[in-house]
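> Give me the fold of what follows.
(one chain, ligands or ions: 1)
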Amino acid sequence: MNAVTTATMAPLTDLRPTPDDITGDALAGLSASPKRLPSKYFYDARGSELFEAITRQPEYYPTRVEIALLDAAIVGIADAVGPHAHVVEYGSGSGRKTLQLLEGLADPVAYTPIEISRTTVLAATERLAEAFPGIEMLPVCADFTQPVDLPEPQREPGHTLVFFPGSTLGNFTNDEAVALMCSMRQTMGGNGQALIGVDLEKDVAVLEAAYNDAAGVTAEFTLNLLVRLNREIGSDFDLEGFRHRAVYSRERGRIETFLVSQRAQSATVDGRAFEFGKGEEMLVEYSHKYTDARFEDLAARAGLKVVQRWNDADDWFGLRLLQPA
Ligand code: AVI
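Sure thing, here's the model as predicted:
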């Protein structure tokens, strides 16, 4: 572990996560059948901007509904969490939901965002430090899919609360989600808790509209993956040759997003040519939508149990409080 002090912030705990191997991951995914590319590579600077724009589209309900739900449920959440929590957020935590949680909880002692990017985690924590001078800010640069050795706050916390909003869990396969929740259980410790945002199964038309907005922002977000690969690893995907397609599979309980080849074509990555047939679909993202039974089953496989649940009035989005089983 290596600590780097910044001018205005508590030291950054840098656990030196292994850098991404974009070329290796792209080659592995393109060699698979059917072809796939990992959705984690959506989030370069442009992709993050486009995701922010998605959250403002009228069809994309999850962010709006989760924020309203947090507002409506925060008193009950604060009651269930109790005082003096060390809040550990999986992700950069620069947003509105972090403010809502830290404002609503009873005297949280410290806040630790865990993020793979050093600059992102430091920028987010600096903004929050101004808003919450009484909460110790302990940013960590690490891969949150692995258990994280947390920095110790100066004031003794009552327990750790892992916060994972946004239904980001849904972007992992079910096995990956279980592995992630196992790591979460180790990170939070025996008396810890987790507050997880989960997008709930609903009408297919509502789900598919959310991932096919009329303004085409989600389509641009999906195609930006190829823009990024062309720029960063020198591939030569024809950006006009692929179209975004997102469909809900009720059987598998998830939105599946593809880039569909518009004609027979080839693309070169790291000197290797990959052939695409006309209409061939390359999988780029899953976005799981949970029922209570499906989510509780995943939690149980990770040694966690749901102890409280809050839904919006339409049962579109939920917040779940979990503890070690
Ligand atoms: C970040 N994640 C929860 C988003 C989702 O809804 O699965 C990413 C996204 N992809 C397309 N639209 C939004």
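> Kindly report the residues of the chain close to the ligand.
Taking C-beta under 6 Å from any ligand atom as the contact definition, the chain meets the ligand at Ile54, Pro62, Gly166, Ser167, Thr168, Gly170, Asn171, Tyr211, Thr218, Phe221, Glu285, Ser287. Where you see a C-beta, it was placed from the backbone N, CA and C, and this is true even at glycine.
> The same query, at a cut-off of 8 Å, please.
By the rule C-beta under 8 Å from any ligand atom, the part of the chain lying against the ligand is 39, 42, 51, 54-55, 60, 62, 166-168, 170-171, 199, 210-211, 218, 221-222, 246, 255, 257, 285, 287.
> Just the ones of those in strands?
When the residues of the chain next to the ligand are checked against strands (DSSP state E), the matches are Asp199, Ala246, Ile255, Thr257, Glu285, Ser287.
> which of the residues of the chain next to the ligand count as buried?
For the residues of the chain next to the ligand, a burial check counting by 16 or more other C-beta atoms under 10 Å picks out 39, 42, 51, 54-55, 60, 62, 166-167, 170-171, 199, 210-211, 218, 221-222, 246, 255, 257, 285, 287.
> Secondary structure element holding Gln162?
Not quite, residue 162 is Val, not Gln. In this assignment (DSSP states H and E), Val162 forms part of strand 159-164.
> Distance from that strand to the middle of the chain?
15 Å (C-alpha atoms, centre = their mean, to the nearest Å).
> what are the phi and psi values for His86?
phi -90, psi 110 (degrees, to the nearest 10).
> Look at the residue nearest to it when sequence neighbours are not counted and say how many residues are nearby.
Nearest in space to His86, with sequence neighbours left out and distances taken as C-beta to C-beta, 6 or more residues apart in numbering, is Pro157 at 3.7 Å. Pro157 is flanked by 19 other residues according to other C-beta atoms under 10 Å.
> Might you report the residue contacts of Pro157?
Applying C-beta atoms under 8 Å, 6 or more residues apart in numbering to Pro157 gives the contacts His84, Ala85, His86, Val109, Ala110.
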